[in-house]
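# here's a sequence, model it:
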Amino acid sequence: MSGHTPELSPLPASIARVLVTGFMGAGKTTVGRMLAERLGWDFADSDHLLEARTGGSIAAIFETHGEPAFRDLEAATIRATVARDHLVLALGGGALERPETRSLLASLPDSLLIFLDAPLDVLVSRCSVQPDAPVRPVLSDRARLQERWTTRLPWYRQARLTVNTEGCTPDQVAQRILALIGDRCGSAAQGSASFPARPRTGVHV
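Alright, predicted model coming up:
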């Protein structure tokens, strides 16, 4: 992974949960699930939890209720989940836009927020080959994507650990993260599968 050295801020001495953030295509779900499996922790994806709570897809929630209502539901879902110990939580790409969500995550001293970084062109190319690409009209609006990316980037960069994922497989990213934080993570029984999961292949939001 030459050329992909993570950027480190002071890390918690003990880590009880890992929160994974980044833009669409960063690999949050794939890398997060790998981390949870190797730590023996539970894994959750805030988008999947939200869909399970509402019985609808993210796209349907946006279309029917609009983005502000979606962000309200997303914030409530994260708040109801994030305090669990021995948890890896993949956050929705826009979750950090909400000040209350940022404050909540910052209030958990034994949590580690990890930003999976890559150039926007790389992220878009990953998304464009995924099975759900045709139902994601935002992918065809590069100006809107650039605007969202630019808006969110300062919040992503507040993470304590930033890993450049360009040119790396999800497995390489997960291994690098574990090498850096593994000795700070307490042990737990193998994940209880208590969260609904929607298996996907490849690198996804």
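# stretch 150-159: which residues count as buried?
Of all the residues in stretch 150-159, those buried under the rule 16 or more other C-beta atoms under 10 Å are R152, W155, Y156, A159. (Glycine included, C-beta is placed from N, CA and C.)
# oh sorry, the question was meant for stretch 76-95
77-78, 81-82, 86-95.
# can you check stretch 30-45 too?
In stretch 30-45, counting by 16+ other C-beta under 10 Å, buried: 30-36, 39, 41-45.
# so which of those are in strands?
Using DSSP state E, the members of those that fall in strands are D42, F43, A44, D45.
# can you give me the distance of the third one to G66?
Summarising the geometry, the distance separating A44 from G66, computed by C-beta to C-beta, to the nearest Å, is 25 Å.
# give me the phi and psi for the residue of the chain most remote from its centre.
Taking C-alpha atoms, centre = their mean, the residue of the chain most remote from its mean C-alpha position is T64, at 24.2 Å. With angles defined as degrees, to the nearest 10, T64 sits at phi -80, psi -40.
# go ahead and confirm it touches G56.
Yes: counting by C-beta atoms under 8 Å, G56 is a contact partner of T64 at 7.4 Å.
# which SSE is immediately downstream of whatever helix or strand A80 lives in?
Using DSSP states H and E, A80 sits in helix 67-81. Under the assignment DSSP H and E, the closest C-terminal helix or strand after helix 67-81 is strand 87-90.
# so how far is that following strand off the chain centroid?
Computed by C-alpha atoms, centre = their mean, to the nearest Å, the chain-centroid distance of strand 87-90 equals 8 Å.
# what of stretch 114-128?
12 Å.
# same question for that stretch, mean pLDDT?
For stretch 114-128, mean pLDDT is 89.
# and stretch 148-159, by the same measure?
94.
# contacts for it?
9, 21-23, 93-94, 96-97, 102, 113-115, 117, 120, 123, 138, 162 (C-beta atoms under 8 Å, 6 or more residues apart in numbering).
# of those residues, which belong to helices?
Under the assignment DSSP state H, these contribute R102, L120, L123 to helices.
# right, and the last one touches G93 too?
Read it as L123. No: applying C-beta under 8 Å as the test, L123 and G93 come out as separate, 9.5 Å apart.
# redo the buried residues of stretch 150-159 as a markdown table? Include distance to Q146.
A markdown table is the format used below for those (distance: C-beta to C-beta, whole Å):
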| residue | distance to Q146 |
| --- | --- |
| R152 | 11 |
| W155 | 16 |
| Y156 | 15 |
| A159 | 21 |
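# buried only: go through the contacts of stretch 148-159 for me.
Among the contacts of stretch 148-159, the ones that count as buried (16+ other C-beta under 10 Å) are 21-23, 93-94, 96-97, 113-115, 117, 120, 123, 162.
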